[in-house]
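> When you get a sec, could you give me coordinates for this:
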Amino acid sequence: MILESLVASLITAKCRKGKFENLARIKIKGWYLFILAALIKFAALYLEANPVQGITPIVNKHFMYIYGLSYILIFAGLLLNFGMNSIKFILIGAFLNFLVITANGGQMPVSIEALKIAGLSDQFHITHTAVTEYTKLEILADIIPIPKLYPLAKVLSIGDLLIVLGVFLFIQEMMVIRKKPSL
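Residues are numbered from 1 along each chain as shown. The predicted structure is shown next:
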């Protein structure tokens, strides 16, 4: 949904007389933290899908800590940019996702019923697990279906929705710069 939010926000900002040139002037503090977090997540998921003898078992055994490290890097980057209103939504959304993932042993619980509504399979990998009667903080899990009527069907959490809203607002903040009233 982040990609869709990004595209919708770019179109909306342009309709609001926003300028693409303003995006080139974005100053994100600690941008490298986000890249490092993404690389860590990607590497762990890649090693799960493409096992490497000797390395993959270690990554799988310590996946919760590896995933936690990526979240710490994300939080650090978001906190460095906390002055922007949009970042607050992203931070809260990421924290809610982190909370439910941590409460459930390092995996995001996903509603099987929501997967069926969305027309998706119930095959999980290391980052997800099915919602059960033992799931903690189920309200924060992936329980909101986006059905196949939408071309990119998926199941989202409340945290995901806040992140998507934050990304949308971030682009609006960057592209549509309001002049301060003169006194």
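> Do you have the helices of this structure handy? List them.
2-15, 31-49, 56-61, 63-80, 85-103, 112-118, 158-175 (DSSP state H).
> and those, which is most packed in?
Burial of the helices of the chain is given as mean neighbour count (mean count of other Cβ atoms under 10 Å); helix 158-175 ranks first at a mean of 21. Just so you know, the C-beta spots here come from the backbone N, C-alpha and C atoms, and that holds for glycine as well.
> Next one: N60, what pLDDT does it get?
On pLDDT, N60 comes in at 86.
> my bad, should have said K180
53.
> Name the helix or strand of this protein that has the lowest mean pLDDT.
Lowest by mean pLDDT, DSSP states H and E among the helices and strands of the chain is helix 56-61, with a mean of 90.
> And G54, how close does it get to L45?
18 Å (Cβ to Cβ, to the nearest Å).
> ok so, going back, may I see the helices of the chain organised as JSON lines, with distance to T127 added?
Output for the helices of the chain, formatted as JSON lines (distance: least, Cβ to Cβ, whole Å):
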{"stretch": "helix 2-15", "distance to T127": "16"}
{"stretch": "helix 31-49", "distance to T127": "7"}
{"stretch": "helix 56-61", "distance to T127": "11"}
{"stretch": "helix 63-80", "distance to T127": "7"}
{"stretch": "helix 85-103", "distance to T127": "8"}
{"stretch": "helix 112-118", "distance to T127": "15"}
{"stretch": "helix 158-175", "distance to T127": "13"}
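> ok, the nearest residue to A8 once chain neighbours are set aside to I90 distance?
Distance criterion Cβ to Cβ, 6 or more residues apart in numbering; nearest residue to A8, sequence neighbours excluded, is F168 at 6.5 Å. In this structure, F168 and I90 are 10 Å apart, going by Cβ to Cβ.
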